[in-house]
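> Need a 3D model of the following:
(2 chains)
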Amino acid sequence: MLETFDTGVIARSLRYLFLDGMAFTIQLTVMAMIGGLILGTILALMRLSSNAFVAAIATCYVNVVRAVPLVLVIFWFYFLVPYIGAWLTGSGKPVQVGAFSSSLTTFVMFEAAYYCEIMRAGILSVSPGQTSAGRALGMRDGQVMASIVLPQAVRNMLPVLLTQTIVLFQDVSLVYVLSITDFVGAAAKVAQRDNRPVEMYVFVAATYFLLSFGMSRIVGRLQRRMQVVR
Amino acid sequence: MNYQWNWGIFGEQSPDGSGTYLQAVIDGLGWTLATALTAWVVALVFGFAVGTLSTVADRRWSKVANAYIELFRNIPLLVQMFLFYFVFPEMLPAAVGAWLKSYEYSSFLTAVVSLGCYTSARVAVQVGAGIRSLPRGQFMAGLASGMKPWQVYRFILLPQALRIVILPLTGEFVGVMKNSAVALTIGLMELTARTRAMTELSFQTFEAFTVATALYVAMNLTVIFVMRHVNERLTAQAGRR
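Numbers count the residues shown, from 1 in each chain, chains lettered A, B, ... in the order given. Below is the predicted model:
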């Protein structure tokens, strides 16, 4: 097998793999992370709300999303997003959405449930005295949350949030099921066209390993540095 | 919103000849359970072995264990399945590879092995952390009582670590159930694949996905219930001694 390993097919398709495939993967990862963090923080605040109804909605959403496979969620949103679009715009027909916006919606909604649990743990890790002190200074609840609790929560949770983002980076590969050209999708297309699955998938695995391993080493270093500072 | 709900669809015959849609979904559920449970056994065996190895004093062995963990944790499950499905048969002797490719249940076998290895790396991390969380004196006391290192692991460290990790392992058990859906990419007709096929054949998208979601939620609740029960049994045993 090794004597027939053709590195030429990898070299020829590098531009396509990275400029089309990896660019999509990274773009989707970064945008889903930003959207997921914002929605996840809102969900975490809802779960911690003193209003039992608001807390129950968020808890229910988070638990259901965390119980189903990402692949199923991808299919759900692929079919659901056009209907939501029709409902939002008030049109009678399902709205056509592109592959990118459909998968972005999916990952934001899906990752938000995971970010929510991390943020909730982070908010709970900030001692209640901080909130009381903020109130004693005359701050409103929103101000206490935004300028005292959340900054400390994010700081405590930063390594876990980044680790979850590395998981997200790997999870994005599942958009393959919608025949989207992400990094894996691009490699699969070349593998099929040139009948070179061995070369392409070994290369994809090696690339993912180097990127994920490198990022988790950086997160580990960050974690140690933050421990020293505290 | 002019979607036509039709829950009676599950009683209708599927045009692909696999009986009614309900039978097709139940068939898929069976494959999901078979894949996930077999992979979970693989993950527990490998996970406990590698996790234990990662804590031994000999640096060479712990390095091997850590390399295993990093390898399986840093490659997406989808890519690992492709490696096992497309690349691995090519590395075997030609006859074995050809047999594996034409084997009727090759996607099931591949799914079990790759999902098992992927999950085992996660289990190993938990087991390793569980063993390391025990006081060092436990190991020393074992040696001082004249036990060999493997006996200390077998009779002192592992039984205690098991009780520590059993609840955290619930998350991995739930994960193996969910991740088995990735096997649809290598052609395993498990629950998500069956549901997807049903949406394409019947166009009753939302009924199919609602049922699948409910089944996954039910599976997860069962896992959480079972793991809690196992945990109670284990801690009750510890209390009696």
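> ok, B:V50 to chain A distance?
For B:V50, the distance to chain A equals 17 Å [C-beta to the nearest C-beta, to the nearest Å]. No exception for glycine: its C-beta is placed from N, CA and C like everyone else's.
> Provide the secondary structure category for that residue.
Per DSSP: H, G, I helix; E, B strand; the rest coil, the secondary structure class of B:V50 is helix.
> Grab the nearest non-local neighbour of residue 117.
Went with chain A since none was named. Leaving out its chain neighbours, the residue that sits closest to A:E117 by C-beta to C-beta, 6 or more residues apart in numbering or on different chains is A:V62, at 6.7 Å.
> my bad, the chain I had in mind was chain B
Nearest one to B:C117, counting by C-beta to C-beta, 6+ apart, is B:F72 at 5.5 Å.
> try B:A193
In space, B:A193 is closest to B:L184, 3.8 Å off (C-beta to C-beta, 6+ apart).
> The one you found contacts B:T195, correct?
No. In this structure B:L184 lies outside contact range of B:T195 using C-beta atoms under 8 Å: 9.6 Å.
> which residues do the two both contact?
Common neighbours of B:L184 and B:T195 are not found (criterion: C-beta atoms under 8 Å, 6 or more residues apart in numbering or on different chains).
> Which residues of chain A lie near chain B?
Proximity of chain A to chain B, by C-beta under 8 Å from any C-beta of the partner chain, involves residues A:1, A:64, A:67-72, A:75-76, A:79-80, A:83, A:86-87, A:92, A:170-171, A:173-174, A:176-177, A:184, A:188, A:191, A:197-198, A:201-202, A:204-205, A:208-209, A:212-213, A:216.
> May I see the buried residues of the longest helix along chain A?
With secondary structure taken from DSSP state H, chain A has its longest helix at helix A:197-229. Across helix A:197-229, burial judged by 16 or more other C-beta atoms under 10 Å in any protein chain shown covers A:197-205, A:207-209, A:211-213, A:215-216, A:219.
> Stretch B:84-99 too?
B:F84, B:Y85, B:F86, B:V87, B:F88, B:P89.
> what's the span of that stretch from first residue to last?
14 Å (C-alpha to C-alpha, to the nearest Å).
> What lies in contact with that stretch?
Applying C-beta under 8 Å, 6+ apart, the set of residues contacting stretch B:84-99 is A:1, A:191, A:197-198, A:201-202, B:100-101, B:106-107, B:110, B:113-114, B:186.
> a markdown table please, covering those residues and showing pLDDT, secondary structure and distance to B:D58.
Shown next, in a markdown table, are those (pLDDT from 0 to 100; DSSP: H, G, I helix; E, B strand; the rest coil; distance: C-beta to C-beta, whole Å):
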| residue | pLDDT | secondary structure | distance to B:D58 |
| --- | --- | --- | --- |
| A:M1 | 53 | coil | 33 |
| A:A191 | 92 | helix | 41 |
| A:P197 | 90 | helix | 38 |
| A:V198 | 91 | helix | 35 |
| A:Y201 | 94 | helix | 34 |
| A:V202 | 94 | helix | 31 |
| B:L100 | 84 | helix | 35 |
| B:K101 | 81 | helix | 39 |
| B:S106 | 90 | helix | 38 |
| B:S107 | 93 | helix | 39 |
| B:T110 | 95 | helix | 33 |
| B:V113 | 96 | helix | 28 |
| B:S114 | 96 | helix | 29 |
| B:I186 | 94 | helix | 37 |
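> residues in contact with B:G175?
Neighbouring residues of B:G175 by C-beta under 8 Å, 6+ apart: B:T119, B:R122.
> Now the helix ranked longest in chain B: buried residues?
When chain B is parsed with DSSP H, its longest helix is helix B:205-240. By neighbour count with 16+ other C-beta under 10 Å, helix B:205-240 contains the buried residues B:205, B:207-209, B:211-213, B:215-216, B:219-220, B:223-224, B:227, B:231.
> next one: stretch A:48-65
Along stretch A:48-65, these residues count as buried under the neighbour rule (16+ other C-beta under 10 Å): A:L48, A:A58, A:Y61, A:V62, A:V64, A:V65.
> which of those lies closest to B:D27?
Closest approach between the buried residues of stretch A:48-65 and B:D27, by C-beta to C-beta: A:V64, at 24.3 Å.
> State the distance from the closest one to B:A218.
Per C-beta to C-beta, to the nearest Å, A:V64 is found 12 Å from B:A218.
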